Structures are given as structure tokens and as C-alpha cells.
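A.B. asks: predicted model, plus sequence, below.
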Amino acid sequence: MQDKVVLITGASGGLGHATAPVFAHAGYRVALTGRNTEALEELAATLEGESDRTLVHAADLLDREQTGALVQSVIDAWGRIDGLLNLAGGWAGGVGLADVTQAQWDEMLHMNLITAIHITQAVLPQMLAAGDGRIVHIASMAVEDFRARQVAYNVSKSGLVALARSTAVEYGAQGIRSNVLLPGTIDTPRNRRTRPSQDRSNWVSPEALAEIMLMLCGPVGEEINGAAIPVSGGL
Ligand SMILES: NC(=O)c1ccc[n+]([C@@H]2O[C@H](COP(=O)([O-])OP(=O)(O)OC[C@H]3O[C@@H](n4cnc5c(N)ncnc54)[C@H](OP(=O)(O)O)[C@@H]3O)[C@@H](O)[C@H]2O)c1
């Protein structure tokens, strides 16, 4: 177990900050990526264990070359990637379908879907060679409970579910397990800051999401493939 390696995208974000410690504590070697090197290094400095059990490699996942170099750097360091936790993504919305601009479509499809396609394609060859690999994406409850005025987000996260489940059906027989979590509003510092008056009783704990990812990467996760798992905070 102590040699297992997990690559976390979006590690510089709110969910990433809760997820990395859970995996480090469980004994994983943890590779952290995002675009903000400073935030990644600050997070790395807080993790348990020897410094050689944490790797920071900033990359823009919209760039296939940078994505390939990221994956190669993890393999060069540790020789394997057992799990991909793809947390990179984000929300934009606020206008109805008739008014969504090309820039807004591009932003959502790029941030939530193209990044996921690039990193999935980049890790798959090594996982297939190993005959084993766990992939967890983070979509949103919005794919089951569509909300108005965020169509580009809804479409991009629905595409992410399709990517996760297509990966599962194509590669399950070769040892790959690919699943996607559908969280409601996550209780991150940014959401607390930007929505101070909102009722938080059904916000989802980021640590709980991290524990679900840990389960999906562990022995029990062997039995779960192609699942889109709602995590609604009790709703
Ligand atoms: N927060 C919520 O309430 C909520 C609810 C449902 C689903 N989700 C989903 O959960 C995931 C994590 O959410 P969060 O709140 O932690 O988001 P966040 O704090 O905004 O962090 C987003 C992360 O994605 C990374 N990222 C975005 N575009 C990228 C790119 N082109 N290349 C590389 N990295 C990129 C960011 O990197 P840099 O900042 O370093 O550039 C950052 O680390 C996201 O997929 C989000 O859509 C969130």
C-alpha cells in the first residue's frame, strides 16, 4: 500500500486541499497538480510524511504537451500512477441559453471536459500497462437535477459523466475502474466566503468526498465501475 501513487488534479482548489491530506494520511504517494504553483507548494508543505512522498508539478490541462509532461514526471519519480483524482473544474453561469456567448461555452467545456479528456488519455497507457488503475472524476448534482441559467455548466459536467462511464465500459476488463461523483454544493472556504447567508445544512463535506474517493481507490473500489454517485449532503 505505501507505494501506491495518486495524481490529484485541481489540487490547488478547495476540494483538493481536503483530499490531499486524506490520501497522504492513508499512505499514498501524492502528486499534486493545478496551475498555481505557489498554492500547490503551500499544500505540499502541510502534508504528512517524508517530502519525497509528495510531488508538485504545475500544468495547464488544456495543453496536451503540459499534461503529458505532468504524467511523465510522476512516472519518472515513482514509476506508476495507481489513481487519478480529477478534481479540476469550475462553474460559470447566470444567463439563459439564448444569451450564452461562445466565450462562456468555451470556458465551461474547456475547464470541465477538455481538461478531463486530456488527463484521462494521458494516464491510461500506464494504467493499462499495469493492468490496474482507478479514475475518479468530479461532476455535479447538476447533471441529475438540471438548474436554469447554467446550461454550459450542465452540458460540460454531463459530458464528464459520459467520459467517465465510457472509460469504464471500454477498459473495465483491463483492470480500469472509472467512476464519477456528483456533489451538491461543497463546503469549501470559497463558498463560505461568497455565499455567507446561504443555509449550509446540506452542503457536502469535502473530507467526506475525499473518503469516498479513498474507498473507490481501495479494495472495495474494485467492485465499482462506471458509477455516477450522487453526494447530496443528505438532500
Ligand atoms: N465547489 C462546489 O460547490 C462544487 C459543487 C459541485 C461540483 N464541484 C466540482 O468539484 C471540483 C472541485 O471544486 P473546487 O470547489 O475545489 O474548485 P476550485 O477551488 O475552483 O478549484 C478548481 C481547480 O481546478 C483547477 N483548474 C481549472 N482549470 C484548469 C486547467 N485548465 N488546468 C489545470 N487545472 C485547472 C484549478 O487550478 P488553479 O487554481 O491552480 O489554476 C483549481 O485547482 C470541480 O470540478 C468543481 O466543478 C464543485
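C.D. replies: Structure received.
A.B. asks: wait, does the lengthiest strand in the chain make contact with the ligand?
C.D. replies: Taking DSSP state E as the criterion, the chain has its longest strand at strand 176-183. Yes. For strand 176-183 and the ligand, the contact criterion (Cβ under 6 Å from any ligand atom) is met by residue 183. C-betas here are computed from N, CA, C, even on glycine.
A.B. asks: could you point out which element follows that strand?
C.D. replies: Per DSSP states H and E, strand 176-183 leads on to helix 189-194 as the next helix or strand towards the C-terminus.
A.B. asks: list the buried residues for that following helix?
C.D. replies: residue 191 (16 or more other Cβ atoms under 10 Å).
A.B. asks: following element in sequence after that helix, please.
C.D. replies: helix 206-217.
A.B. asks: residue 116 and residue 110: what is the separation?
C.D. replies: As judged by Cβ to Cβ, to the nearest Å, residue 116 and residue 110 stand 10 Å apart.
A.B. asks: contact residues of the chain facing the ligand?
C.D. replies: Counting by Cβ under 6 Å from any ligand atom, the chain sits next to the ligand at 9-10, 12-16, 34-36, 39, 60-62, 87-91, 111, 115, 138, 140, 183, 185-186, 188, 190-191.
A.B. asks: next, the contact list for the nearest residue to residue 104 once chain neighbours are set aside, please.
C.D. replies: Nearest residue to residue 104 in three dimensions, chain neighbours excluded: residue 152, at 5.4 Å (Cβ to Cβ, 6 or more residues apart in numbering). The contact partners of residue 152, by Cβ atoms under 8 Å, 6 or more residues apart in numbering, come to 92-93, 100, 104-105, 107-109.
A.B. asks: so which strand or helix has residue 152?
C.D. replies: Applying DSSP H and E, one finds residue 152 within helix 151-171.
A.B. asks: alpha carbons of that helix, as PDB, please.
C.D. replies: What follows is helix 151-171, C-alpha atoms only, in PDB (Å, rounded to 0.1, in the frame of the first residue of the first chain):
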ATOM      1  CA  VAL A 151     -26.600  25.400 -19.400                       C
ATOM      2  CA  ALA A 152     -22.900  25.400 -20.400                       C
ATOM      3  CA  TYR A 153     -22.000  24.000 -17.000                       C
ATOM      4  CA  ASN A 154     -24.800  21.400 -17.100                       C
ATOM      5  CA  VAL A 155     -23.600  20.300 -20.600                       C
ATOM      6  CA  SER A 156     -19.900  20.200 -19.700                       C
ATOM      7  CA  LYS A 157     -20.500  18.100 -16.500                       C
ATOM      8  CA  SER A 158     -22.900  15.800 -18.300                       C
ATOM      9  CA  GLY A 159     -20.100  15.300 -20.900                       C
ATOM     10  CA  LEU A 160     -17.700  14.400 -18.000                       C
ATOM     11  CA  VAL A 161     -20.100  11.700 -16.800                       C
ATOM     12  CA  ALA A 162     -20.200  10.300 -20.400                       C
ATOM     13  CA  LEU A 163     -16.300  10.300 -20.400                       C
ATOM     14  CA  ALA A 164     -16.200   8.500 -17.000                       C
ATOM     15  CA  ARG A 165     -18.700   5.900 -18.000                       C
ATOM     16  CA  SER A 166     -17.200   5.400 -21.500                       C
ATOM     17  CA  THR A 167     -13.800   4.800 -19.900                       C
ATOM     18  CA  ALA A 168     -15.400   2.200 -17.600                       C
ATOM     19  CA  VAL A 169     -17.100   0.300 -20.300                       C
ATOM     20  CA  GLU A 170     -14.100   0.400 -22.700                       C
ATOM     21  CA  TYR A 171     -11.400  -0.600 -20.100                       C
END
